[in-house]
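[1] test case, fold it:
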Amino acid sequence: MRTAEQPDRSGTRGCAVRVRGLNKTYGSLGARRQVLKSVDLTVERGEMVALIGASGSGKSTLLRHIAGLAIADRESGAVELMGRPLQADGRLMPGTRKLRAEVGMVFQQFNLVGQLSLLANVLLGLLGRVPAWRGSLGLFTRQEKLKALEALARVGIAEYAAQRASTLSGGQQQRAAIARTMVQRASVILADEPIASLDPESARRVMDSLARLNRQSGVTIIVCLHQVDYALRYCARAVAMFDGRIVFDGRSDQLTPAFLREIYGSDSEELCISSGAASLGGLDGLAPAWGAA
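    As a prediction, this is how the structure comes out:
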């Protein structure tokens, strides 16, 4: 296996996400499995980064730690968001709840309330930013509702605002989940396999929405992907994980078929089964579209 030398990303834009020496072990004595192994990662503000890897590589677990939804092993590493500590040495730091409001999560299964309208689901993104009593009663101002409608318009589904979420397609629901992060005013969006269960056209629309949000609003995005062709098309930088470690951190267009086979062996086929590439050979000639309108 060839391990890429991780570049210096101290940059001038400022650090949005910093992970240092993160370890995570599941299970009890006799059945322990380490899923993160001394992971270091830095993502600058305004970057859109693809996190790739075969099933079980640790990428979703890493996202959960960055979001503060999982805690690392005791006396293990640290996570910082926007220059502020989120967790260190296996415990969450003071002020975590407020810091989590800076992070929007987009899950594979959308996490919408099916019986609520699309507009009501998007307004839930405000729960971390309005008084608890108002949020629990669903009392949102006219201005807040207009902001939610604007977010739905930005992802192209404002006409469905009054429709129950459960009646919409998977791609429409996923775009509503992205609109929810807009209303939340998240500085960082963590998208965990957001297109894994979608058809190719819906997947393209979801990725277009994320890329537009990154490009127009400067939101930092880390998107967990199985499909390398989507990483190449939408993200200038890719981070590849294997067996709980980061084994590549660099330009997406360096992820050639030969390099993927060298890292993942037969598992490399799993990373190239989307609309843009029926096999590893489908990556050849696929032009990146970073920053495209």
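
[2] so Ser38, which of the three states?
    Reducing the assignment at Ser38 to three states with DSSP: H, G, I helix; E, B strand; the rest coil gives strand.

[3] any idea how many residues pack against the closest residue to it other than its chain neighbours?
    Computed as Cβ to Cβ, 6 or more residues apart in numbering, the closest residue to Ser38 that is not its neighbour in sequence is Gly21, at 5.5 Å. For glycine as for every other residue, the C-beta is placed from the backbone atoms N, C-alpha and C. By other Cβ atoms under 10 Å, the residues close to Gly21 number 14.

[4] paired strands for the helix or strand containing Gly21, with orientation please.
    In the assignment (DSSP states H and E), Gly21 maps to strand 15-26. Partner strands and pairing direction for strand 15-26 (DSSP bridges) are strand 33-44 (antiparallel), strand 78-81 (antiparallel).

[5] distance to Ala158 and mean pLDDT for those - can I get that in TSV?
    Shown next, in TSV, are those (distance: least, Cβ to Cβ, whole Å; pLDDT from 0 to 100):
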stretch	distance to Ala158	mean pLDDT
strand 33-44	31	96
strand 78-81	30	96
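
[6] Leu51 contacts Cys224, doesn't it?
    Yes. Distance between Leu51 and Cys224: 4.7 Å, which falls inside the contact criterion (Cβ atoms under 8 Å).

[7] avg pLDDT for the top helix by length along the chain?
    Ranked by number of residues, the top helix in the chain under DSSP state H is helix 200-217. Rounded to a whole number, the mean pLDDT of helix 200-217 is 94.

[8] quick one: the helices in the stretch 51-200 of the chain?
    Listed in chain order, the helices of the stretch 51-200 of the chain (DSSP state H, counting those that start in this stretch) span residues 59-66, 96-100, 118-123, 132-137, 142-154, 170-184, 200-217.

[9] for the longest helix of the chain, which residues meet the burial criterion?
    202-211, 213-214 (16 or more other Cβ atoms under 10 Å).

[10] what strands line up against the next helix or strand after that helix, and which way round?
    Next in sequence after helix 200-217, counting helices and strands by DSSP H and E, comes strand 220-225. Using DSSP bridges, strand 220-225 pairs in its sheet with strand 48-52 (parallel), strand 188-192 (parallel).

[11] what's the angle between the first one and helix 59-66?
    Between the axes of strand 48-52 and helix 59-66, defined by axes from the mean of the first three to the mean of the last three Cα atoms, to 10 degrees, the angle is 130 degrees.

[12] so what touches strand 48-52?
    If you take Cβ atoms under 8 Å, 6 or more residues apart in numbering as the criterion, strand 48-52 is touched by 43, 59, 62-63, 210-211, 214, 220-226, 228, 230-231, 234-241, 252, 255, 271.

[13] what is the orientation angle of it with helix 200-217?
    140 degrees.

[14] buried set for strand 48-52?
    So for strand 48-52, counting by 16+ other Cβ under 10 Å, buried means 48-52.

[15] give the rounded mean pLDDT of it.
    The average pLDDT within strand 48-52 is 96.

[16] for that strand, list the C-alpha coordinates in PDB.
    These are the backbone C-alpha positions of strand 48-52, laid out as PDB (Å, rounded to 0.1, in the frame of the first residue of the first chain):
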ATOM      1  CA  MET A  48     -15.200  21.100  -0.400                       C
ATOM      2  CA  VAL A  49     -13.500  17.800   0.300                       C
ATOM      3  CA  ALA A  50     -14.400  14.200  -0.700                       C
ATOM      4  CA  LEU A  51     -13.900  11.500   1.900                       C
ATOM      5  CA  ILE A  52     -13.700   8.200   0.100                       C
END
